[in-house]
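This is a predicted model, with the sequence first.
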Amino acid sequence: MTNEEKTGNARFKRYTVTSALPYANGPIHIGHLAGVYVPSDIYARYLRLKGEDVLFIGGSDEHGVPITIKARNEKITPQQVVDKYHNMIQGSFEKFGISFDVYSRTSRPVHHETASSFFKKLYEKGKFIEKETEQYYDEENKQFLADRYITGTCPHCGYEKAFGDQCENCGTSLSPTDLINPRSVLSGNKPQMKKTRHWYLPLNDYEPMLREWILEGHKHDWKPNVYGQVKSWVDQGLQPRAVTRDLDWGVKVPLEGTDGKVLYVWFDAPIGYISATREWGMTHGKPWEQYWKSPDSKLVHFIGKDNIVFHCIIFPIMLKAEGSYILPENVPANEFLNLEGDKISTSRNWAVWLHEYLEDFPGKQDVLRYVLCAAAPETKDNDFTWKDFQARNNSELLAIFGNFVNRTLVLTHKYFEGKVPSCGPLEPGDKKALEELAGFPARIGKSLDLYRFREALAEMMNLARLGNRYLTEAEPWKIFKNEPERVKTILNVSLQICASLSVLSAPFLPFTANKLQDMLDIQDMKWEQAGGKKLLTSGHSIKKPSLLFEKIEDSQVQAQMDKLLKSKEENKSKAENQTPFKAPVSFDDFSKLDIRVSTVVSAEKVTKTKKLLKLEVDTGLDKRTVVSGIAQYYEPEKIIGKKVLLLANLEPKTIKGIKSHGMLLMAENNDGELSFVIPEKSFNNGSSIS
RNA sequence: GGCGGGGUAGCUCAGGUGGUUAGAGCGUCGGAUUCAUAACCCGAAGGUCACGGGUUCAACUCCCGUCCCCGCUACCA
């Protein structure tokens, strides 16, 4: 298959490039940049340089429950939360040269209009199913409670401030009805169950469409990680998914009698791409619909792997259901970027924040862009280290790229007063260099067409290597005295390479490319011109060179490492903070518990589970079956004969088809590790605890 | 446990439908050089291609099994 066939680019007249909408409840870090914004920006800039019609879309995702929670905690409005982070995020993007044609936000009226008419159209076409369910309701505040708005005692670890979707203490995911003693976060009251009505999108109806379109149609041109993930989801079977929910922050459901209901954020967010395009159309007085509805438009979504299901399954189904939209041609999702061997984590402050980087390394946006592209998690998770950052700056950007440009420009000023010398008769070495030069634009372009950004970047650097090799072999500084004419040709060729470099590096290193073009005093070069031998005409004056990159010292790297180390220390002391004591209980309550010394008689792993052991314990009074989630810490063979404490009068509960009569008492440390609790002396089975 | 992705030189990664001595960049070592931010250029060392089987004249590449890492998912009374 040829490149053209593989990308199918020949049949496209315009490109619609989207980048995942960052969620406006926090700033942006290097993981976001490496996974989504650097690659999409490179792609968009490359297409523009080729003279393609491209619309590069971004925007902030500003709805959803986490934002309302954050607002509550900080005692400000949700709008104030998203205003703060939207501005911060947009500012970071601008400073890093992410060249959006439009950067919008989902709290704008244009988005509310777009999303609600999108919903309405699907509603009118009968694409939804309606369902009534029971959910927790806060009488005092007269509203339904999102999972996060319900708090109570975690049935797993007993933590009293667990949320309806997850326990922050033990990490277990929960549903609101699991909570013991549930309370509304809003009023503190016990919430009531109340009926509510919602609309669902029957994703399962679109399975055949997905199979044909992706599993058969994109078997070879989509990345294996993306394709595999989609296949996994489709094979597991899709379920109808609620598109509305009871909340007051979001796009209002545009139907009668639906006060207090908004579109689910997963439904409204991707429509944000379309709203942004409409906004662009309105502000620029241009038709926007062709970017989304014309079959000769190529739609590409840049996302991280956490977003695959939304962009490959759900959003396409929405578009298909609506009927007039095109589907994405490719979704080149990246994996995750780690930092110094650990997962990037906002809550643990284990991240390199863009706004902090800009303070610590002013003017070095291209360095980070370069490093993040070179180490982009294209095929698997990758690790960012400051040592690697330093090495790539010092021995690649500076030593190869910067050095070649510098030596060429310095020599031009030294020998020819900064004027481009003429090109005389070509010797074999010159010809060879020029021939190689000519091949670069197509080679880099091919890699970019296939979303191989690391490869493209490496090729770009190879051009600088070519320049260095050429100069070193030609040795103009040795022969200038005797053969000044020859030196003219050599520097002419070197300068042409510099000029090409200024074009071909532009998608990756826009600031550097600008600076270089400024020094060479050229502008508006197109991709196709690169690789040519007459980008600079003889006699053309170039400016005094300044350095493109500067060395990054050990001390700077050490400072960043120290910063991270500090985060780690702080986390550690945080982790040592024990969970607070629970509310007092009466002695009566305590004495209701019947805890007995028992012995494990037999133990086996419950099949098809990771954590469960099925135990037979001797309580002294009887032998009974207990299921316990300790498989990660105790091997079944090794605990037979062990004394344990058993909560014997706990209501029986069926787990994975096995009836469990009681619960083993375990101590748990901060890492979640479990340990048996046993009496110090060897007491008989049946001994009680009081 | 199920599903998906990945495990190739010290590090980061390439290696269509199996075929001569497994590649690149960085790092290391040696050489050469001085136009250049001691940078460039040349050369070398370095790999049982996670492990064990199998198919084949031939496997990093195909099949089966095992282990490890990441993600989704079930389970934790």
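Looks like it arrived, so ask away. Numbers count the residues shown, from 1 in each chain, chains lettered A, B, ... in the order given.

which residues of the stretch 551-690 of chain A fall in helices?
For the stretch 551-690 of chain A, the helices defined by DSSP state H, counting those that start in this stretch cover A:554-576, A:587-591.

just the stretch 201-350 of chain A next, same as before
For the stretch 201-350 of chain A, helices defined by DSSP H, counting those that start in this stretch occupy the ranges A:207-210, A:224-236, A:265-284, A:290-293, A:308-309, A:315-322.

Is RNA strand B within reach of the third one?
Right, helix A:265-284. No: using CB under 7 Å from any atom of the strand, helix A:265-284 stays clear of RNA strand B, coming no nearer than 12.6 Å. (C-beta placed from N, C-alpha, C; glycine too.)

That helix vs helix A:315-322, what angle?
Here helix A:265-284 points in a direction 70 degrees away from that of helix A:315-322 (axes from the mean of the first three to the mean of the last three CA atoms, to 10 degrees).

Buried residues, helix A:265-284. List them.
Residues of helix A:265-284 classed as buried under the neighbour-count rule (16 or more other CB atoms under 10 Å) are A:265-281.

Repeat that for the fourth one.
Within helix A:290-293, the residues that qualify as buried by neighbour count (16+ other CB under 10 Å) are A:290-292.

hmm, what's the outermost residue in chain A?
The outermost residue of chain A relative to its centre, with distances by CA atoms, centre = their mean, is A:Asn482 at 58.9 Å.

Could I get the contacting residues of A:Lys380?
A:225, A:335 (CB atoms under 8 Å, 6 or more residues apart in numbering).

re earlier: closest to RNA strand B out of the helices of the stretch 551-690 of chain A?
Relative to RNA strand B, the nearest member of the helices of the stretch 551-690 of chain A by CB to the nearest atom of the strand is helix A:554-576, separated by 11.9 Å.

Give me the contact status of that closest one with RNA strand B.
No: contact between helix A:554-576 and RNA strand B is absent, the nearest approach being 11.9 Å (criterion: CB under 7 Å from any atom of the strand).

Check which helices and strands that helix sits against.
Judged by 3 or more CB pairs under 8 Å, 6 or more residues apart in numbering; DSSP states H and E, the packing partners of helix A:554-576 are helix A:354-360, helix A:386-392.

Could you identify which of the ones you listed is most buried?
Mean neighbours per residue, mean count of other CB atoms under 10 Å, is largest over these for helix A:386-392, with a mean of 18.

Going by contacts, tell me the helices and strands next to that helix.
Identification of packing neighbours for helix A:386-392 by 3+ CB pairs under 8 Å, 6+ apart yields helix A:365-374, helix A:554-576.

Could you tell me the least trusted of the helices of the stretch 551-690 of chain A?
Summarising mean pLDDT across the helices of the stretch 551-690 of chain A, the least confident stretch is helix A:554-576, with a mean of 79.

what's the spacing between the nearest residue to A:Ala20 once chain neighbours are set aside and A:Arg108?
Among residues not flanking A:Ala20 along the chain, A:Ile303 sits closest, at 4.4 Å (CB to CB, 6 or more residues apart in numbering). A:Ile303 sits 22 Å away from A:Arg108 when distances are taken as CB to CB, to the nearest Å.

Which one of those two is surrounded by more residues?
A direct count of neighbours by other CB atoms under 10 Å for A:Ile303 and A:Arg108 places A:Ile303 higher, at 22 against 17.

Looks like that one contacts A:Asn330 (just checking).
No: in this structure A:Ile303 lies outside contact range of A:Asn330 using CB atoms under 8 Å: 11.1 Å.

How far does stretch A:68-86 stretch from one end to the other?
With CA to CA, to the nearest Å as the measure, the ends of stretch A:68-86 fall 15 Å from one another.

which residues sit against it?
By CB under 8 Å, 6+ apart, the surrounding residues in contact with stretch A:68-86 are A:24-27, A:60, A:62, A:67, A:105, A:107, A:146, A:148-149, A:185, A:247, A:249.

between these, which is nearest A:Glu359?
Minimum distance to A:Glu359 across the contacts of stretch A:68-86 is 12.4 Å, recorded for A:Pro27 (CB to CB).

what secondary structure does that closest one sit in?
Reducing the assignment at A:Pro27 to three states with DSSP: H, G, I helix; E, B strand; the rest coil gives coil.

what's the burial count for it?
Neighbourhood size, A:Pro27 [other CB under 10 Å]: 19.

residues contacting it?
Contact criterion CB under 8 Å, 6+ apart gives A:85, A:88-89, A:92, A:353-355 as the residues in contact with A:Pro27.

Residue numbers of the stretch 501-650 of chain A in contact with RNA strand B?
A:547-551, A:606-612, A:627-630, A:647, A:650.

one more time with 6 Å, if that's ok
Within the stretch 501-650 of chain A, the positions adjacent to RNA strand B are A:547-551, A:608-612, A:627-629, A:650 by CB under 6 Å from any atom of the strand.

could I get the residues you listed as TSV with neighbour count?
Converted to TSV, those look like this (neighbours: other CB atoms under 10 Å):
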residue	neighbour count
A:Leu547	12
A:Leu548	22
A:Phe549	23
A:Glu550	14
A:Lys551	12
A:Lys608	7
A:Thr609	14
A:Lys610	9
A:Lys611	14
A:Leu612	21
A:Val627	24
A:Ser628	25
A:Gly629	19
A:Leu650	15
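
Could you dump these into JSON lines with pLDDT and distance to A:Lys638 added?
Converted to JSON lines, those look like this (pLDDT from 0 to 100; distance: CB to CB, whole Å):
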{"residue": "A:Leu547", "pLDDT": "95", "distance to A:Lys638": "64"}
{"residue": "A:Leu548", "pLDDT": "96", "distance to A:Lys638": "62"}
{"residue": "A:Phe549", "pLDDT": "95", "distance to A:Lys638": "58"}
{"residue": "A:Glu550", "pLDDT": "94", "distance to A:Lys638": "59"}
{"residue": "A:Lys551", "pLDDT": "94", "distance to A:Lys638": "56"}
{"residue": "A:Lys608", "pLDDT": "71", "distance to A:Lys638": "22"}
{"residue": "A:Thr609", "pLDDT": "75", "distance to A:Lys638": "18"}
{"residue": "A:Lys610", "pLDDT": "76", "distance to A:Lys638": "18"}
{"residue": "A:Lys611", "pLDDT": "79", "distance to A:Lys638": "16"}
{"residue": "A:Leu612", "pLDDT": "82", "distance to A:Lys638": "16"}
{"residue": "A:Val627", "pLDDT": "89", "distance to A:Lys638": "18"}
{"residue": "A:Ser628", "pLDDT": "86", "distance to A:Lys638": "14"}
{"residue": "A:Gly629", "pLDDT": "83", "distance to A:Lys638": "17"}
{"residue": "A:Leu650", "pLDDT": "86", "distance to A:Lys638": "25"}
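
Quickly check those residues for the two that are furthest apart.
Maximum pairwise distance in those, criterion CB to CB, is 71.7 Å, between A:Leu547 and A:Leu650.

any low-confidence regions in the stretch 551-690 of chain A?
A:571-583, A:669-673 (pLDDT under 70).

swap the cut-off to 50 and go again
A:576-578 (pLDDT under 50).

What backbone torsions are found at the residue lying closest to A:Ala456 once chain neighbours are set aside?
Counting by CB to CB, 6+ apart, the nearest residue to A:Ala456 once its immediate chain neighbours are dropped is A:Ser447, at 3.8 Å. With angles defined as degrees, to the nearest 10, A:Ser447 sits at phi -60, psi -40.

What's opposite the residue nearest in space to the middle of chain A in the beta bridge?
For chain A, the residue whose C-alpha lies nearest the mean C-alpha position (CA atoms, centre = their mean) is A:Gly304; its distance is 3.9 Å. Taking DSSP bridges, one finds A:Asn334 as the beta-bridge partners of A:Gly304.

Fine by me, we can end here.
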